[in-house]
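Enquirer: All I have is the shape, not the residue letters:
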């Protein structure tokens, strides 16, 4: 069983920002594939956060080529040390000059930092891949899931001296659309009803730590520490903490509604969502009910999903084995299961599916770095 | 914060079956309202289980009148002692003779016990309120939520010498229909898409204990003990453990589909469900998307729900306060919130709502005892 992986298979819980453990080289002169003279110069903005740290893990795992890497964060985190691919780095304070000579900047430092420093970086010729919601609905900014709509960014390349912004979609949207898009291409989704089961990680490393701390406290009979969410999270669940808007939907739900339309380039697709936080560490689950324009039976749907890039099908009815957040934690692929003909729709134009994906990885860092790979 | 209530506000976690702590009487001659010469003789079958224990709590809380009470369980549990309302009882082994002279029997000992002993009790003139799924879909057996379809059992009374069976619906169905029915009465539900967030308690006291044990183990870095579910439950969620049927829906989901039709006496209502277990102790949550025949705006829906018996509305958008499992734990009422016009349906014939209810209480014991009250 993967008990440790829930809480520990992640440098977030092992103290003040050591780098991800890597096999140490026996020879210090070993040349890493990813450190290359002809690679781009990259910057990681918000490097000390949950997603920032995952950026580094994914860059390393995928041997992303780079000739230099700048570790950037707020003044508060500046001066901290990071070891990455056997080299030591000191975290620098983010300033406009941070982007001089930088080809690609990966941003995950919150919307206000993106709004302020994103355009500054673009003006200096940097292509910004932004994980915040700041620019997602900006018509001029592509919103990209590489497996879904790579064409949206086809004219943008790094190292041309011409800056640009590309937005990384919200985690729940990415995970849902990884599964829904291959089916949409075949049968056209008309309507989608989504209920989410979202992990602590979406609210950052501090939320994950609070969930762990609260759980210990509750088990010891102590009152739980409630700093991040202002309520008990251990052994509880609650409506997503994003602001609730005028019509009663929260911002997280509206991201699913609006981003889906933009990514699919389909203003008519109908989406409703109920977003809920559950006491899980780092992977989201989503129950998705789909209504199609054209017939699509469950066997065809399963075959389509089995062949979809970045998707793995776990749909073993006999042994009751379907996707779980734990199984997809620290994994790249989004898992889909419970694929079945919707009993509540006539004909075979409806399906129910259940999707799980690592919120920090495909929901954020991996997707951003896949975007960065397309810039090369 | 209600930390202790998650795990401890329940005699399930305080050792081998002590009775629910009650204020002790200063005078042993105090007459309890509920112990009455003219009350029915009742039996609790499966009294040592999670729901059996809750039967006792609810009987006591509601001052249910009785002239005698029989504590029944399997041979394995026979001989155990239970203190109930200041009297000591010894658990008796369940036999056909257990029902001699018993007016009302509350069953919660699993489907096979119900199938065997239910008809035996009925033959001896007992009215059986059965919490198992054994008779729910039997056309001759009323399936009752007292707030929803009391008329289904209007001809059945206790103490007439004429036995009968009444089935208690599945917990997820009860909790869903407590909120959906008042809206259904006004606007007629045509279709319902449900995703559940189900607590450990639905799988019994041992499952709750395993969730607690596993959580401790995972926090200590140990492999989790997996006896009940054969997988890690702590910091994880998974598709409901009920058997998966031929069309890919599991039994829990099919209960929601079929029981809704029977309780509403509406063969045409379309229901689909995705049932998921989450690491919560004793209250279920459900995300419910509703499609109506007639228009129903959210303000009217909210008013209807505020006036519905057994329902409390928690729908404070400004402070992001909506129902949570923890808040409804050990409570009678089902809580409803996130009441909003469905963005994915044209006109105002769709609503999204979020419902929470205590699985052991309204989902099982309370509903059964409300049924028993209607027998008097």
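Expert: Structure received. The shown structure was predicted, so the numbers you read here are calculated from the model rather than taken from an experiment.
Enquirer: contacts, neighbours, all on C-alpha from now
Expert: OK.
Enquirer: from memory residue A:252 sits against residue A:242, does it?
Expert: Yes - at 6.1 Å, residue A:252 counts as touching residue A:242 under the criterion of CA atoms under 8 Å.
Enquirer: So these two - more neighbours on which side?
Expert: It is residue A:252, of residue A:252 and residue A:242, that has more neighbours when counted by other CA atoms under 10 Å in any protein chain shown, with 21 against 14.
Enquirer: what's the helix or strand for the closest residue to chain B within the stretch 101-250 of chain A?
Expert: Closest approach between the stretch 101-250 of chain A and chain B, counting by CA to the nearest CA: residue A:235, at 4.6 Å. Using DSSP states H and E, residue A:235 is not contained in any helix or strand.
Enquirer: so the residue lying closest to it once chain neighbours are set aside, which of the three states?
Expert: Nearest residue to residue A:235, sequence neighbours excluded (CA to CA, 6 or more residues apart in numbering or on different chains): residue B:280, at 4.6 Å. Put simply, residue B:280 is coil when judged by DSSP: H, G, I helix; E, B strand; the rest coil.
Enquirer: how long is stretch A:254-274 from one end to the other?
Expert: 10 Å (CA to CA, to the nearest Å).
Enquirer: Quick check: which ranges of chain A have low pLDDT?
Expert: For chain A, applying pLDDT under 70 flags the ranges A:1-33.
Enquirer: about what we covered before: need the contact list for the residue of the stretch 101-250 of chain A closest to chain B.
Expert: A:215, A:279, B:6, B:279-281, B:326 (CA atoms under 8 Å, 6 or more residues apart in numbering or on different chains).
Enquirer: Using the record's domain definitions, break chain A down for me.
Expert: Following automatic domain parsing, one finds the domains of chain A at A:10-23+A:35-168+A:364-374, A:172-359.
Enquirer: Show me which of those has the highest average neighbour count.
Expert: Of these, the one with the most neighbours on average (mean count of other CA atoms under 10 Å in any protein chain shown) is domain A:172-359, at a mean of 21.
Enquirer: so how far is that domain off the chain centroid?
Expert: Here the centre of domain A:172-359 is set off from its chain's centre by 12 Å, with CA atoms, centre = their mean, to the nearest Å.
Enquirer: Next: stretch A:46-53.
Expert: 12 Å.
Enquirer: so which of the domains of chain A gets nearest residue B:77?
Expert: Distance to residue B:77, taken as CA to CA, is lowest for domain A:172-359 among these, at 28.3 Å.
Enquirer: could you point out which element follows the longest helix belonging to chain A?
Expert: Ranked by residue count under DSSP state H, the longest helix found in chain A is helix A:171-187. Downstream of helix A:171-187, the next assigned helix or strand under DSSP H and E is strand A:189-197.
Enquirer: Report the angle between that following strand and strand B:189-197.
Expert: Angle of strand A:189-197 versus strand B:189-197, following axes from the mean of the first three to the mean of the last three CA atoms, to 10 degrees, is 40 degrees.
Enquirer: Strand A:189-197 pairs with which strands, and in what direction?
Expert: strand A:270-274 (parallel), strand A:283-292 (antiparallel) (DSSP bridges).
Enquirer: returning to that earlier point: which one of the contacts of residue A:235 is nearest residue A:93?
Expert: Distances from residue A:93 to the contacts of residue A:235, taken by CA to CA, are shortest for residue A:279, at 33.6 Å.
Enquirer: Could I get the full set of helices for the stretch 201-350 of chain A?
Expert: A:205-219, A:251-264, A:298-306, A:325-328 (DSSP state H, counting those that start in this stretch).
Enquirer: Relative to residue B:248, which of those is closest?
Expert: Closest among those, using CA to CA: helix A:298-306, at 9.8 Å.
Enquirer: Show me which residues of the stretch 101-250 of chain A sit near chain B.
Expert: Counting by CA under 8 Å from any CA of the partner chain, the stretch 101-250 of chain A comes close to chain B at A:191-193, A:195, A:212, A:216, A:218-219, A:221-224, A:231-232, A:235-239, A:241, A:243-245, A:247-249.
Enquirer: Contact residues of the stretch 251-376 of chain A facing chain B?
Expert: Residues of the stretch 251-376 of chain A lying near chain B (CA under 8 Å from any CA): A:270-272, A:274, A:278-281, A:287, A:289, A:317-318, A:320-326, A:338-345, A:352.
Enquirer: and with 6 Å instead?
Expert: Proximity of the stretch 251-376 of chain A to chain B, by CA under 6 Å from any CA of the partner chain, involves residues A:270-272, A:280, A:317, A:324, A:326, A:340, A:343-344.
Enquirer: circling back to that earlier point, closest one to residue A:54 among the helices of the stretch 201-350 of chain A?
Expert: Per CA to CA, nearest to residue A:54 of the helices of the stretch 201-350 of chain A: helix A:205-219, 11.1 Å.
Enquirer: which outside residues touch the closest one?
Expert: A:50, A:200-201, A:224-225, A:234, B:3 (CA atoms under 6 Å, 6 or more residues apart in numbering or on different chains).
Enquirer: got it, and stretch A:167-180?
Expert: Here stretch A:167-180 makes contact (CA under 6 Å, 6+ apart) with A:129-131, A:136, A:143, A:256, A:357, A:359, A:363-364, A:368.
Enquirer: quick one: which of these sit in strands?
Expert: Judged by DSSP state E, those include A:129-130, A:357 as members of strands.
Enquirer: ok so residue A:44 is a strand residue?
Expert: Yes - per three-state DSSP, residue A:44 lies within a strand segment.
Enquirer: Excluding sequence neighbours, find me the nearest residue to residue A:132.
Expert: Once flanking residues are discounted, residue A:132 sits nearest to residue A:111: 5.1 Å by CA to CA, 6+ apart.
Enquirer: What does the one you found show for phi and psi?
Expert: phi -60, psi -40 (degrees, to the nearest 10).
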